[in-house]
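Student: Got a predicted structure here, sequence first:
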Amino acid sequence: MNKLMLVPSELDKDQYGGLNFKSASDIPSKRIQWYWSGMIAEGKFHVFAGDAGIGKTQILCNITATVSRGGIFSGEKEPCLQGKVLYLTGEDGASDTIIPRLKACGATLDNVTVLDPLKADGGLFSLSENLDSVADMVKDDGNYKLFIIDPVTAFCDDKFDNNSVTSVRSLATKLSAFAEDTGVAVIGLTHLTKDDQRKAVNRILGSGAWVHASRVVLGAVHADGQYYFGKWKANITDCTPVYTYRMVERPLDDLGYVHYIEFDDYPMLGRSLDEFQSVSTGRGATGASVRDILERLLQDGDWHLKEELVDAVGRQVECSIKTIERVAFDEMSVDRQNTSETPSRVLWRLPS
């Protein structure tokens, strides 16, 4: 068919291989919208990384809960825009870990959707193959604000190579396009290597394309007995401030004590996460984490059952009972005594 006989719409599709060219004057400019100012942006892809045992999933549950209820993030004065959150988890059980933590954080559960990693046909969810279907669902609903992928590497197909620039760039580009197309903020969780001689942003597991493709790289560290949350890299804002947080627990219905995190009300203005060296790996760091938890649990000065203390520490830090006992006796000099019941049970408390 002669191109001169084509109607304009057909000609547009046929010319230049179907590529779309737009004049800059026809593209409307808009301000970046933030759910959490300078931290989580509407329609952008974020990477979140940190060492093991510092509450990364608990932080994601806190963020999820805040968006779901339209709460106020640390350092903010006004509530964030309330909306639905889609949560995809591949390492923690939804019923015994994610949902209890969301409840502890005060989430509006009707605004949280858990995406099952198993499809109806028994196959595993794949970001490469199934992301378009997620986009269709999100756009059909119209109320989703956030998509959590915990962790992002758990939902890659067999051909994916996390150390390949090509593989990572391809998937990260798809996630960025998903965020842009749907207007949903996407946070993909990943981990750090154990090479603590390099900057943390350079320790993100896999190809550096994760860092280059995301607009904001969030991070969490444990240093000097304190937990810090902030940014290691940002293209659309700066890397300040830093937010301190605490790992706490509370009794919840019939679920027992549930662990979650609380952010302090006031951020550390003018500080960036690079200023804090993570010490959350190795024996010394494990000991520091155990001591932090024990001091918090025993701060009331009362007697507590050793078995409950050991269980509480073990749910937050990967360590042995011997490590907990070493910290308790050698570093903290806890008092101990036995109950009068038979068989007796061991009690601990901080020395008066």
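Tutor: That came through fine.
Student: Residue ranges of each domain in the chain, please.
Tutor: Under the assignment automatic domain parsing, the domains of the chain span 32-275, 282-349.
Student: Need the winner for burial among the ones you listed.
Tutor: domain 32-275 (a mean of 18; mean count of other CB atoms under 10 Å). To be clear about C-beta, it is placed using only N, CA and C from the backbone, and glycine gets the same treatment.
Student: Just the endpoints, please. Distance across that one?
Tutor: 27 Å (CA to CA, to the nearest Å).
Student: Which parts of the stretch 201-350 of the chain are strands?
Tutor: 216-223, 226-234, 243-251, 257-263, 304-305, 335-338, 346-349 (DSSP state E, counting those that start in this stretch).
Student: Please read the previous query as pertaining to the stretch 51-200 of the chain.
Tutor: Counting by DSSP E, counting those that start in this stretch, the strands of the stretch 51-200 of the chain are 84-89, 112-115, 144-150, 185-191.
Student: In a markdown table: these, plus distance to residue 160.
Tutor: Listed next are the strands of the stretch 51-200 of the chain as a markdown table, based on distance: least, CB to CB, whole Å:
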| stretch | distance to residue 160 |
| --- | --- |
| strand 84-89 | 16 |
| strand 112-115 | 18 |
| strand 144-150 | 14 |
| strand 185-191 | 13 |
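Student: where does the stretch 51-200 of the chain have low pLDDT?
Tutor: 195-198 (pLDDT under 70).
Student: And the helices in it?
Tutor: 56-69, 99-104, 127-141, 165-182 (DSSP state H, counting those that start in this stretch).
Student: so what secondary structure elements neighbour the last one?
Tutor: Here helix 165-182 touches strand 45-50, helix 127-141, strand 144-150, strand 185-191, helix 209-213, going by 3 or more CB pairs under 8 Å, 6 or more residues apart in numbering; DSSP states H and E.
Student: could these go into JSON lines alongside distance to residue 37?
Tutor: Formatted as JSON lines, these follow (distance: least, CB to CB, whole Å):
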{"stretch": "strand 45-50", "distance to residue 37": "14"}
{"stretch": "helix 127-141", "distance to residue 37": "24"}
{"stretch": "strand 144-150", "distance to residue 37": "15"}
{"stretch": "strand 185-191", "distance to residue 37": "13"}
{"stretch": "helix 209-213", "distance to residue 37": "22"}
